[in-house]
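S.K.: A predicted structure for the sequence below; I have some questions about it.
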Amino acid sequence: FATDEWFASAENILSPYPPTFIADLYCPEGKVMDGWETRRKRTEGHDWCVVKLGCGDDSSGPMMIESVELDTGYFTGNQTPRVSIEAMKI
């Protein structure tokens, strides 16, 4: 789930590959972006998404997030000023 996927899908944040930029590549939503990009917010609040990182049952043992990397390399000037990450095992 994502509150806004106007320019690019939140699913893009799970890519294991370095960011790329292809100047003349477009799709039905507009310019192809390889990150998650939302509309400019004109109201209070912030955009957020829920990402399921793993699955399994209790017999698979504990699951651990070892690291998180956020690369805003091609979001020059419109990158987020801060990020919050929360996790839970359900």
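M.R.: On my side now, so go ahead.
S.K.: tell me who's in contact with S9.
M.R.: By CB atoms under 8 Å, 6 or more residues apart in numbering, the contact list for S9 reads A2, W36. For the C-beta atoms, the positions are set from N, CA and C on the backbone; glycine is no exception.
S.K.: if you set the cut-off to 10 Å instead, what comes out?
M.R.: With contacts defined as CB atoms under 10 Å, 6 or more residues apart in numbering, the neighbours of S9 are A2, E29, M33, D34, G35, W36, E37, C49.
S.K.: go through stretch 7-19 and flag the buried ones.
M.R.: If you call a residue buried by 16 or more other CB atoms under 10 Å, then stretch 7-19 has these buried ones: F7, A8, S9, A10, I13.
S.K.: now do the fourth one against V50, distance only.
M.R.: For A10, the distance to V50 equals 9 Å [CB to CB, to the nearest Å].
S.K.: give the contact list for the closest residue to W6 other than its chain neighbours.
M.R.: Of all residues not flanking W6 in the chain, R39 sits nearest, at 4.3 Å (CB to CB, 6 or more residues apart in numbering). Applying CB under 10 Å, 6+ apart, we find R39 in contact with D4, E5, W6, F7, D47.
S.K.: buried members of the residues you listed into ChimeraX, please.
M.R.: Selecting only the buried members of the contacts of R39 in ChimeraX, with burial defined as 16+ other CB under 10 Å, works like this:
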select :4,5,7,47
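S.K.: just the closest of the contacts of R39 to Y74, please.
M.R.: Distance ranking of the contacts of R39 against Y74, using CB to CB, places F7 first at 12.5 Å.
S.K.: residues contacting that closest one?
M.R.: Contact partners of F7, counting by CB under 10 Å, 6+ apart, are E29, G30, K31, V32, M33, G35, W36, E37, T38, R39, R40, N78.
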